[in-house]
Each structure stands twice: as C-alpha cells, then as structure tokens.
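Participant: how does the following fold in three dimensions:
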Amino acid sequence: MLTAGKGEASYSRRKKDERICIVSILEHGKWYITQSVLNLNHSTSIFHLCLTFRYGIDATRNMTRNLTSSLLSSSLQSATQGMDDDCFGELNFLHYAMFAAFILSALELLNFLIKLSGETAVTRFGSISYIPVRGKHLDELSVKDYFFISLNKAATPPFVYFLLRYLYFEPNSQWDLSFGESLSVTTVLLPLPFLFIIYDFFYTILHWALHIKAVYGYIHKHHHHQKAPSRANVDAVNVHPIEFFLGEYNHLLAVFIWCNVCGMRLHIVSVVLFLALGGTMASLNHTRFDIEISLPFGFSRTTSSKRPRSKLTIYDTKAHDVHHRIPQSNYGQYIMFWDWIFGTFRPYNKNDRINPKAQLDHKIGKSLEYIEIEESSLKKSS
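Facilitator: Residues are numbered from 1 along each chain as shown. Here you go, the predicted model:
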C-alpha cells in the first residue's frame, strides 16, 4: 500500500508538471500569436510595398518629367506655374492614398531590415554585439503607447508630401536624373554632412528645451518611460505627437536653410538619402545593437604604447542609450557634434553596473525578469 501510494503521488506530480508545461506552451503560443498580429504590419507592409512600388515609380517618373520639361522650356516663374498645373493640380484622393501606402510600407520595410540585419550581424557574423541593458526595459506597451505610435506613423506621409512640395517649387532644388550639372557630387553627396549638422543644431536645442522641468512632464516624459529602447522605429516614434511634429519638420527646416538661406543647390536624391539615413540612424538609436562609425583621427606616438588610438566618432548608438538612462546629456539625434560644443556630451561607460535580470531575451524582446515573473504566475495559476 505504501509503495502504491508513493507511485500514485509520483504519477500525480508528473501529471501536474505536464499540465504546467502544456499551459506554459499554450501561453507562449498565445503571446507569439498576439505579437504576430500586432506586428502584422511588417508582412502587410511588404505586400503593400509590392503593390504600390510600380505606382510610386510611375508617379515619380511623371513628376520628374513634368518638372524637367518645365524647367527647360520656360523661365522659373512660368516653370513654377506649369509644375503646379501639371502635377499637384491633378492629384486626387487615390494618388494621396497610394502615396501614403508607399511611405508607410517603406517605413515598415526599413524597420524590418534594420532588425533583420542587426540580428544577423550579431548571431551569424559576430561583427557587432548587444549593448547591455542598464535601465529598466519597457516590456509591455500601453494603449497610450500604441495610440502615439499609430498617430505619429500616420503623420509621416503628410510630412514627406509637404517636403516634396517645397522642393518641387524651390529654385535651388534639382530633379533631373541625368548625370551632369544637376545630378553630381556637389548636389548629392556634398550637402549631406551639412544637412545633418544643420538638423542636429536645432534638434539639440529643441531636445534640451523639452527637458526643461516646466515642459518635460507634458511632452517629452512619455518617451523616457522607456529606459532601454529595443524596438527600433517603434520605440523611436513612441513620442508625444507635438515632439514628433517638431522633430520631423526640422528636416524641412534644414533643407530650407541649405537651399534658401545658404543659396546652395540640392538634388532630390540627396534629400532621399538624408531621410533614409536619418530614419536608419534614429531607429538604430532605439535598438540594443552596438554600432559605431568612426574615422581615424590620430595615433599613439609609440607603437609599444597600450594607449588606444584616438578617433573621430561620427555616430554611436551607445550615446543615445546613455541619454535614455541619464536624460541631461547627449541631446543630439544623429551626431554628438553639438553636444561636444555645448558641453552636454556624456561618454558611454562600459563599467557601469549591469543588472543580470534586466537583460533581454532578444528572441522575444522581453527582459529576463519579466519572463521569470510571467512563468511564476503561470505556475501559480495552474
């Protein structure tokens, strides 16, 4: 009887463990399905991108043809009038809808490629590593988070439209895609570093102003409830709509200053690169990928010295990670040039304390502490 009792108790414990395991699998399966639904826009974005890519190319080609013919056939005044009649005057709701779908699909595709390439570089090639989590990771997004993210993504196509419309009528903007005086190094590559420097000058001041105590709680505080960003573009646009509006249209201000104030020519290809590179860097700033772009600036005088070679860091994702933990530092969006000038730059310290439970399971994007709590609650409920 005693032996039978022990056998039944062992059998009962084994069945209970099996039930706990099954419940855990079902709960994880439910979580993956939920995340798949929430992130369905990745796959649908690629589908939309395929549908709208041909229309986008056709529209761009037609707009470029109209603009070029107008510029070549008449003076600037008559060309401007002709462009208005040929292009923007004929746009209807379907054109705007297709344009919005194209822009949103491109954003989602960019976000997908950033995550995919970053994970591949870490896991397969080992060319980069993860930045250890030192602040508290926001494991669950709230309804307010999703609302702000959706609102800001919806505001992106109108911003791109107004930027293109300004460039369409800007005398110093170039649209001719034939290589030569219009499409050249001086109109495509030369403006890029200046655009980023101009942009970050105003953004650094804006970002600093948003951290003033009287303003911080109303606008920028929402973005800082994520201490260890990891979701790329999702965490990057998880800001108050006012902040998103000011940050996005700061790109238009930089283009205006370059073309109108400085009187410099700017090709549309350079603007596309400006937006694409900016979107990529802003997204990478909100991942755990340790990416640094530097140029050799100086070298040790003696080869036997163990002192590290000095370098000029152009871009470093760790700088923005420091800002999320220590807000009164590193206000720049893309570069830290103005933080160096204003004295607000704070270098990354690899010796800062690391909480092991705060680290992420990068496959599911949750902290180990969160996973442990969820598993413990599942066992208690079963």
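Participant: residue boundaries of the strands in the stretch 101-250 of the chain?
Facilitator: Under the criterion DSSP state E, counting those that start in this stretch, the stretch 101-250 of the chain contains strands at 129-130, 173-174.
Participant: winner for burial among these?
Facilitator: Highest mean neighbour count among these (mean count of other Cβ atoms under 10 Å): strand 173-174, with a mean of 22. C-betas here are computed from N, CA, C, even on glycine.
Participant: what packs against that strand?
Facilitator: strand 266-267, helix 268-284 (3 or more Cβ pairs under 8 Å, 6 or more residues apart in numbering; DSSP states H and E).
Participant: picking that back up, want to throw the strands of the stretch 101-250 of the chain into CSV with mean pLDDT and distance to residue 219?
Facilitator: Below are the strands of the stretch 101-250 of the chain laid out as CSV (pLDDT from 0 to 100; distance: least, Cβ to Cβ, whole Å):
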stretch, mean pLDDT, distance to residue 219
strand 129-130, 96, 30
strand 173-174, 96, 32
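Participant: what would the ones you listed look like in TSV with distance to residue 137?
Facilitator: What follows is the strands of the stretch 101-250 of the chain, written out as TSV (distance: least, Cβ to Cβ, whole Å):
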stretch	distance to residue 137
strand 129-130	12
strand 173-174	43
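Participant: quick one: closest of those strands to residue 339.
Facilitator: strand 129-130 (24.0 Å; Cβ to Cβ).
Participant: got any ranges where the stretch 51-200 of the chain has weak pLDDT?
Facilitator: Scanning the stretch 51-200 of the chain for pLDDT under 70 picks out 51-89.
Participant: try it again at 80.
Facilitator: 51-91 (pLDDT under 80).
Participant: can you pull out the helices in it?
Facilitator: Along the stretch 51-200 of the chain, counting by DSSP state H, counting those that start in this stretch, helices occupy 76-86, 93-120, 143-154, 156-169, 185-188, 191-210.
Participant: got these as a markdown table, with distance to residue 323 and mean neighbour count columns?
Facilitator: Converted to a markdown table, the helices of the stretch 51-200 of the chain look like this (distance: least, Cβ to Cβ, whole Å; neighbours: other Cβ atoms under 10 Å):
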| stretch | distance to residue 323 | mean neighbour count |
| --- | --- | --- |
| helix 76-86 | 42 | 15 |
| helix 93-120 | 19 | 17 |
| helix 143-154 | 19 | 15 |
| helix 156-169 | 23 | 17 |
| helix 185-188 | 31 | 15 |
| helix 191-210 | 9 | 19 |
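Participant: got TSV for these, with distance to residue 349 too?
Facilitator: Below are the helices of the stretch 51-200 of the chain laid out as TSV (distance: least, Cβ to Cβ, whole Å):
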stretch	distance to residue 349
helix 76-86	53
helix 93-120	23
helix 143-154	29
helix 156-169	35
helix 185-188	38
helix 191-210	21
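Participant: so which of the ones you listed gets nearest residue 285?
Facilitator: Using Cβ to Cβ, these put helix 93-120 closest to residue 285, at 10.8 Å.
Participant: what's that closest one packed up against?
Facilitator: Helix 93-120 packs on helix 40-73, helix 156-169, helix 233-236, helix 268-284, going by 3+ Cβ pairs under 8 Å, 6+ apart.
Participant: the same query, at a cut-off of 10 Å, please.
Facilitator: helix 40-73, helix 143-154, helix 156-169, helix 233-236, helix 268-284, strand 289-290 (3 or more Cβ pairs under 10 Å, 6 or more residues apart in numbering; DSSP states H and E).
Participant: buried sites along the fifth one?
Facilitator: Buried residues in helix 268-284, counting neighbours by 16 or more other Cβ atoms under 10 Å, are found at 268-271, 273-275, 278-284.
Participant: tilt between it and helix 191-210?
Facilitator: Orientation of helix 268-284 against helix 191-210 (axes from the mean of the first three to the mean of the last three Cα atoms, to 10 degrees) gives an angle of 40 degrees.
Participant: ok, which of the strands of the stretch 101-250 of the chain comes nearest residue 315?
Facilitator: So among these, strand 129-130 is nearest, using Cβ to Cβ, at 16.4 Å.
Participant: could you give the number of residues near the residue nearest to residue 284 when sequence neighbours are not counted?
Facilitator: Spatial nearest neighbour of residue 284, chain neighbours left out: residue 317 (5.3 Å); criterion: Cβ to Cβ, 6 or more residues apart in numbering. By other Cβ atoms under 10 Å, the residues close to residue 317 number 23.
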